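In: got a sequence here, can you build the structure:
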Amino acid sequence: MFYTSTQSRFFIAVILVCVLQACGFKLRGSIELSPDMSPIYLQQNSVLELAREIESLLISNKIDLVDDEKQSKAQLVLVKEAKKRRVLSVDSNGRAREYLLSYAVTFSIKIGSAKAAEDKISISRSLLFDADAVLAVANESEVLYKDMRRDAARLILLKLQAQSSK
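Out: Here you go, the predicted structure:
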């Protein structure tokens, strides 16, 4: 019995899917929380943009959010965020050529009647400075901060997932 090229490719694809399913592979976007954590109350304080990122991730993962802390089984409190910029390198004239942008978030997670556990996430990115394109560099730094905020939201949810499996 001879297989055509299309049949053999289909057969290989089916085997590959079976192998990936058997090893526990999951897409990056999926976050699973134990039932004792849902619904979640999100207290955002002054960290509005990060709270929006976290809300959209929670909704996309079908995790319930409530507006009242008393109705929730778990609370996620965004305490504060901080953005910093420092010079990494200078040119021969003493002008900054590269910056290190840092984004840090302090938050706490409280599950049920347990004591709240405070944690901190810090993310850094480097930014090359071009004196001929100052406006573009400013725009790029905002894009990098937005990307770091998105990464921080994802890391916070992963910490929430780790807490839920305990």
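In: I'd like to know which elements the top helix by length along the chain is packed against.
Out: Longest helix in the chain, counting residues (DSSP state H): helix 134-164. Where contact means 3 or more CB pairs under 8 Å, 6 or more residues apart in numbering; DSSP states H and E, helix 134-164 is packed against helix 48-60, strand 74-90, strand 96-111, strand 117-128. Every residue, glycine included, has its C-beta placed from N, CA and C.
In: would you mark the buried spots in it?
Out: 137, 140-141, 144-145, 148-150, 152-154, 156-157, 159-161, 163-164 (16 or more other CB atoms under 10 Å).
In: what's the neighbour count on residue 64?
Out: Neighbours of residue 64 under the rule other CB atoms under 10 Å: 14.
In: which residues are in contact with it?
Out: 38-40 (CB atoms under 8 Å, 6 or more residues apart in numbering).
In: pLDDT added to these, as a markdown table?
Out: Compiled in a markdown table, the contacts of residue 64 are given as follows (pLDDT from 0 to 100):
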| residue | pLDDT |
| --- | --- |
| 38 | 79 |
| 39 | 86 |
| 40 | 89 |
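In: residue closest to the middle of this structure?
Out: residue 154 (1.9 Å; CA atoms, centre = their mean).
In: surely that residue and residue 60 touch.
Out: No. Taking contacts as CB atoms under 8 Å, residue 154 lies outside contact range of residue 60: 11.3 Å.
In: residues near the closest residue in space to the residue nearest to the centre of the chain that isn't next to it in sequence, how many?
Out: Spatially, and ignoring its direct neighbours in sequence, residue 154 is nearest to residue 57 (6.8 Å; CB to CB, 6 or more residues apart in numbering). Residue 57: 18 surrounding residues under other CB under 10 Å.
In: got the contact list for residue 57?
Out: If you count contacts by CB under 8 Å, 6+ apart, then residue 57 has 31, 153-154, 157 around it.
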